[in-house]
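**Student:** Okay, sequence plus prediction incoming.
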Amino acid sequence: MLSKLQPPLDPEEAALIRAIVADPDDDTPRLVYADWLDEHARPDRARLIRVQCALEDLKTEERALLEKFGAQWIEEAYGRYGGEDHRFHRGFPEEVTMRFRTFLDHHATLNEYTPLRYLRLRGRLTDNMDDDLATLSRLPALQQVRSLEFDEPGVALPHSNYGPKGVEALASSSYLKGLQQLHLHSSQIGAVGAQVIANAPTFHNLTHLALTDRRLCPPDFDALAFLRSPNLNRLKEAQLGEQQYGDHALNYIRAVPNPSGPDAGPTP
């Protein structure tokens with residue numbers, strides 16, 4: 001807790017802070033203050049000032065480079081495959097949205113120019129999306145993928161009909177053990193499909209999970225019991241149906257004893 005009574009500033013330090021307040025867009029007074037902090041045995045605060053000033057400069061340079069060359073670099077990596085919503089991570093367009101069929105046809109060569117780590121898939125291969133997910137789960141190209149999403153949230157597409165069988169196929173994949181984010185926008189997953197995820201060792205590394213099936217609600221689905229699953233103890237964000245849970249909420253849920261557990265008392 002912050003003290004209500006702050007000690008008076010050193011006059012020299014106060015003057016340096018006034019210079020920063022007078023021109024907050026200029027880094028120079030901040031860097032001068034950082035030098036003063038170093039000279040007065042406060043190197044950590046000085047380091048933070050320099051790091052954050054440098055980051056702002058780098059963000060400006062990043063935007064300029066992407067505006068000038070981004071389209072060219074995306075074309076080099078994905079020109080043969082198309083796709084959209086490309087995003088760069090640490091210098092490479094590792095994030096892409098593409099058609100399911102395109103990914104299936106070219107999965108073996110997609111990593112020639114860039115790591116593929118954030119993948120959103122749209123469309124279908126056959127009339128049975130569960131079978132499509134089974135086909136996908138056997139592709140070695142998934143081994144580097146850290147975020148996997150099917151269809152966009154809020155879009156009710158007729159082919160978003162995969163259910164527990166498709167989820168089981170993903171859960172059985174030996175190529176998805178490094179997955180950290182999973183977003184499934186299907187109205188057919190239900191409590192059975194959710195339980196597959198909760199029990200699957202494949203998904204033990206998940207930090208973000210979105211299941212937008214609106215049927216994931218009482219009385220058929222116990223969200224709190226699901227979120228207490230030991231297999232999902234790394235989750236930092238979750239969406240179940242229309243309910244969203246952040247890191248603080250998840251930590252609280254895990255800390256509260258499960259009233260339906262083996263040690264629970266009788267229900268009145």
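**Tutor:** Everything's here; your move. Numbering: from 1, shown residues only.

**Student:** Show me the contact partners of stretch 232-239.
**Tutor:** Outside stretch 232-239, the residues that touch it by Cβ atoms under 8 Å, 6 or more residues apart in numbering are 197-198, 203-212, 226-227, 244-247, 250, 254. Any C-beta I mention is one placed from the backbone N, CA and C, and that applies to glycine too.

**Student:** Just the buried ones out of those residues, please.
**Tutor:** Buried subset of these (neighbour count, 16 or more other Cβ atoms under 10 Å): 197-198, 203, 206-212, 226-227, 245, 250, 254.

**Student:** Taking those residues together, which two end up most distant?
**Tutor:** Pairwise distances across the buried ones among the contacts of stretch 232-239 peak at 22.7 Å for Thr212 and Arg254 (criterion: Cβ to Cβ).

**Student:** out of the contacts of stretch 232-239, which are inside strands?
**Tutor:** With strands defined by DSSP state E, the entries of those inside them are His208, Leu209, Ala210, Leu211, Gln244, Tyr245.

**Student:** now, among those residues, which is nearest to Thr60?
**Tutor:** His208 (28.8 Å).

**Student:** If the closest one is in a bridge, with which residues?
**Tutor:** On the basis of DSSP bridges, His208 is bridged to Gln181, Glu237.

**Student:** my guess is it contacts Leu182, does it?
**Tutor:** Yes - contact criterion Cβ atoms under 8 Å: His208 and Leu182 qualify, at 7.4 Å.

**Student:** anything in contact with each of these two?
**Tutor:** With Cβ under 8 Å, 6+ apart, His208 and Leu182 have common neighbours Ser147.

**Student:** where exactly do the strands run in this structure?
**Tutor:** Applying DSSP E to the chain gives strands spanning 84-89, 92-99, 118-122, 147-150, 181-184, 208-211, 237-240, 243-245.

**Student:** check contacts around Leu182.
**Tutor:** Contacts of Leu182 (Cβ under 8 Å, 6+ apart): Ser147, Leu148, Glu149, Leu170, Ile197, Phe203, Leu206, His208, Leu209, Ala210.

**Student:** nope, Asp10 is what I was after
**Tutor:** His40.

**Student:** low-confidence ranges in the protein?
**Tutor:** 1-6, 152-160, 258-268 (pLDDT under 70).

**Student:** For Asn231, state which of the contacts of Leu182 is nearest.
**Tutor:** Distance to Asn231 across the contacts of Leu182 (Cβ to Cβ) is lowest for Phe203, with 6.7 Å.

**Student:** Distance-wise, check that closest one relative to Ile197.
**Tutor:** Distance, Phe203 to Ile197, using Cβ to Cβ, to the nearest Å: 5 Å.

**Student:** Need the residues touching each of these two.
**Tutor:** Ala171, Leu182, Leu209, Leu232.
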